[in-house]
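[1] kindly generate the corresponding structure for this input.
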Amino acid sequence: MDRRKAADLARRYVELSNRHVLDEVFPMFDPNATYQSSQFGLFEGLDEIREMMSGFFSDFPDVHWTVDDYCADSDDTVSFEFTMRATRAETGQSVERRGRETITFTDDGRIRHVEVDVGQSG
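    Got it, this is the predicted structure:
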């Protein structure tokens, strides 16, 4: 894989997430992928990632990420700064989080690891 393809895959991942198309997001992950979030902890394997993401989208049904630029750090790793805006379903509280996400891909273009470092306001 090259840097352009990695950046395109990261863009696609965010696009599908913003459209809330989890049935198309999950196949992007390697079955043994890991997902590390500064807020939510470590998730190992697609089953744990699926459960975490499904719960997150249920808690924040209008969630949307804004990304200005995708930086291909290497042929298999892309990082980007994001702003996430959402409304917490349970309380109606508006939430805004800014952070940095790094996605590492396998040779065949599946997500191997996601690292999310988040700050929070709102």
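[2] please save the CA atoms from the longest helix belonging to the chain in PDB.
    Secondary structure of the chain per DSSP state H: the longest helix is helix 3-18. The C-alpha trace of helix 3-18 is given here as PDB (Å, rounded to 0.1, in the frame of the first residue of the first chain):
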ATOM      1  CA  ARG A   3       0.500   6.800   1.300                       C
ATOM      2  CA  ARG A   4      -2.200   8.000  -1.000                       C
ATOM      3  CA  LYS A   5      -4.200   4.800  -0.600                       C
ATOM      4  CA  ALA A   6      -3.800   4.900   3.200                       C
ATOM      5  CA  ALA A   7      -5.100   8.500   3.200                       C
ATOM      6  CA  ASP A   8      -8.000   7.500   1.000                       C
ATOM      7  CA  LEU A   9      -8.900   4.600   3.300                       C
ATOM      8  CA  ALA A  10      -8.800   6.900   6.300                       C
ATOM      9  CA  ARG A  11     -11.000   9.400   4.500                       C
ATOM     10  CA  ARG A  12     -13.500   6.600   3.600                       C
ATOM     11  CA  TYR A  13     -13.600   5.400   7.300                       C
ATOM     12  CA  VAL A  14     -14.500   8.900   8.500                       C
ATOM     13  CA  GLU A  15     -17.000   9.400   5.700                       C
ATOM     14  CA  LEU A  16     -18.800   6.200   6.500                       C
ATOM     15  CA  SER A  17     -18.700   7.000  10.200                       C
ATOM     16  CA  ASN A  18     -20.300  10.400   9.500                       C
END
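[3] can you name the element that comes right after it?
    Past helix 3-18, further along toward the C-terminus, the next helix or strand under DSSP states H and E is helix 22-25.
[4] so what's the gap between that following helix and the chain middle?
    Relative to the chain's own centre, helix 22-25 is displaced by 12 Å; criterion: C-alpha atoms, centre = their mean, to the nearest Å.
[5] ok, how many other residues are close to residue 107?
    Neighbour count of residue 107, defined by other C-beta atoms under 10 Å: 9. Every residue, glycine included, has its C-beta placed from N, CA and C.
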